[in-house]
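> Structure for the following, please:
(one chain, ligands or ions: 1)
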Amino acid sequence: MSAYVLARGNRAAIVDTGVEGSANAIGETLQTLGLNYDDVDHVILTHKHADHAGSTAEVMAMAASATVYAGEADLSGIDVDGITGVLGGEEVFGLELVATPGHTAGHLCAIDHTAGLLVAGDALFTDGGGVVEGPEQFFEDVPRSRQSIRELAALSFNTLLVGHGDPIEGNADTAVADLAASLP
Ligand SMILES: [Zn+2]
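Presented below is the predicted three-dimensional model:
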């Protein structure tokens, strides 16, 4: 499921809401952290696709006090009212939102500079312990995505979480730089 819960103290942020029907599973993840939906202040959507934003309405109903963010250019593709459009560069819950268009026009990544964690949505995929481009047919603009990958490769982070594929833990930025260097 493409949904992550990030906790600090007794507050939480959710990055992506997964496919439709994921709200209970996200709630169970919150419970394992000793939290519940009342503790969620922020919901960040990396992009509009239904496997990432599909439970947004359910999650908003549960996390009634949370602010929900998505890239401005993806808002029209998410059939939920009350989402705050962002352009990248904002800081939310200690995460910097990074505009990474290509997979979709409004795609966002979120980076925690202190923890060295990048949540990349579908801007990056992983396979076999390495970082790869996703399947081209799922990308709106492959050249623009490659530019976004080059920009991500310039950032410093240790851990990479992606929408599709296992996490990369340890020197993940080097793996992204390797991919960037291999792109045409
Ligand atoms: Zn996607």
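> ok, the nearest residue to Phe93 once chain neighbours are set aside - contacts?
Excluding the flanking residues, the one nearest Phe93 by Cβ to Cβ, 6 or more residues apart in numbering is Ala13, at 4.2 Å. Where you see a C-beta, it was placed from the backbone N, CA and C, and this is true even at glycine. Ala13 is in contact with Val5, Leu6, Val40, Asp41, His42, Val43, Ile44, Val92, Phe93, Leu95, counting by Cβ atoms under 8 Å, 6 or more residues apart in numbering.
> With pLDDT added, can I get those in a markdown table?
What follows is these, written out as a markdown table (pLDDT from 0 to 100):
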| residue | pLDDT |
| --- | --- |
| Val5 | 97 |
| Leu6 | 96 |
| Val40 | 98 |
| Asp41 | 98 |
| His42 | 98 |
| Val43 | 98 |
| Ile44 | 98 |
| Val92 | 97 |
| Phe93 | 97 |
| Leu95 | 97 |
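> Would you reformat those residues as JSON lines and include secondary structure and neighbour count?
Converted to JSON lines, those look like this (DSSP: H, G, I helix; E, B strand; the rest coil; neighbours: other Cβ atoms under 10 Å):
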{"residue": "Val5", "secondary structure": "strand", "neighbour count": "18"}
{"residue": "Leu6", "secondary structure": "strand", "neighbour count": "21"}
{"residue": "Val40", "secondary structure": "strand", "neighbour count": "26"}
{"residue": "Asp41", "secondary structure": "strand", "neighbour count": "16"}
{"residue": "His42", "secondary structure": "strand", "neighbour count": "20"}
{"residue": "Val43", "secondary structure": "strand", "neighbour count": "27"}
{"residue": "Ile44", "secondary structure": "strand", "neighbour count": "28"}
{"residue": "Val92", "secondary structure": "strand", "neighbour count": "19"}
{"residue": "Phe93", "secondary structure": "coil", "neighbour count": "19"}
{"residue": "Leu95", "secondary structure": "strand", "neighbour count": "24"}
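> From the residues you listed, pick the one nearest the ion.
Ile44 (14.5 Å; Cβ to the ion).
> List the contacts of that closest one.
Ala13, Ile14, Val15, Asp16, Val68, Tyr69, Ala70, Val92, Leu95, Leu97, Leu108, Ala110.
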